[in-house]
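**Student:** quick one, fold the following:
(one chain, ligands or ions: 1)
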Amino acid sequence: MDHAIQEAELIPKRASKQRFRHSIFEAWGHNCAYCGNYADTLDHVVPRLNGGLTVKYNLVPACKRCNGNKGHQPVWAWWTQQKYWSIPRALRVLAWVRRQASQNAEHSWAHLPPERLPSGNPSEHSPATNCQ
Ligand SMILES: [Zn+2]
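**Tutor:** Next comes the predicted model:
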């Protein structure tokens with residue numbers, strides 16, 4: 001995939017914000033993830049008030065009606081009450097979240113505990129070795 005790096009962006013820069021949003025709409029064919037209608041907004045699957053982040057794995061296209069109806073409710077509590085509740089669409093949302101989240105797992109390297117860092121070659125780095 002030639003745009004893997006863009007998809008891994010955690011916080012889109014202002015200049016790439018449109019591209020970031022567009023890539024999400026495009027991946028879903030501009031369809032609302034919840035009801036399948038034309039989507040013109042992005043919904044935080046986990047609402048921001050509940051700690052949801054503005055990252056690709058927490059964003060799906062949503063029509064204005066779904067986005068407005070859902071508000072800050074937990075996604076399953078709200079969605080399963082709708083007449084357009086759909087298991088196949090729910091599975092698609094889950095697959096989307098998992099796929100996007102695993103791409104962001106590339107950033108997990110940055111959380112490597114210090115004691116697990118490779119020791120490297122001490123002789124080449126002796127001035128820094130004793131640096132506390
Ligand atoms: Zn909708």
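**Student:** how about the helices in this protein?
**Tutor:** For the chain, applying DSSP state H gives helices covering 4-7, 17-27, 64-70, 75-79, 87-104, 126-129.
**Student:** export those as JSON lines, with columns for mean pLDDT, distance to residue 51 and mean neighbour count.
**Tutor:** The way it works is simple: take the backbone N, C-alpha and C, and place the C-beta from them, glycine included. Formatted as JSON lines, the helices of the chain follow (pLDDT from 0 to 100; distance: least, Cβ to Cβ, whole Å; neighbours: other Cβ atoms under 10 Å):
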{"stretch": "helix 4-7", "mean pLDDT": "49", "distance to residue 51": "22", "mean neighbour count": "13"}
{"stretch": "helix 17-27", "mean pLDDT": "93", "distance to residue 51": "20", "mean neighbour count": "15"}
{"stretch": "helix 64-70", "mean pLDDT": "96", "distance to residue 51": "16", "mean neighbour count": "16"}
{"stretch": "helix 75-79", "mean pLDDT": "94", "distance to residue 51": "13", "mean neighbour count": "16"}
{"stretch": "helix 87-104", "mean pLDDT": "89", "distance to residue 51": "15", "mean neighbour count": "14"}
{"stretch": "helix 126-129", "mean pLDDT": "52", "distance to residue 51": "38", "mean neighbour count": "9"}
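**Student:** list just the one of the ones you listed that sits closest to the ion.
**Tutor:** Minimum separation from the ion across those (Cβ to the ion) falls at helix 64-70, 3.2 Å.
**Student:** who are the packing partners of that closest one?
**Tutor:** Using 3 or more Cβ pairs under 8 Å, 6 or more residues apart in numbering; DSSP states H and E, the elements in contact with helix 64-70 are strand 41-44, helix 75-79.
**Student:** and this protein, which residues reach the ion?
**Tutor:** Residues of the chain lying close to the ion (Cβ under 5 Å from the ion) are 32, 34-35, 37, 63, 66.
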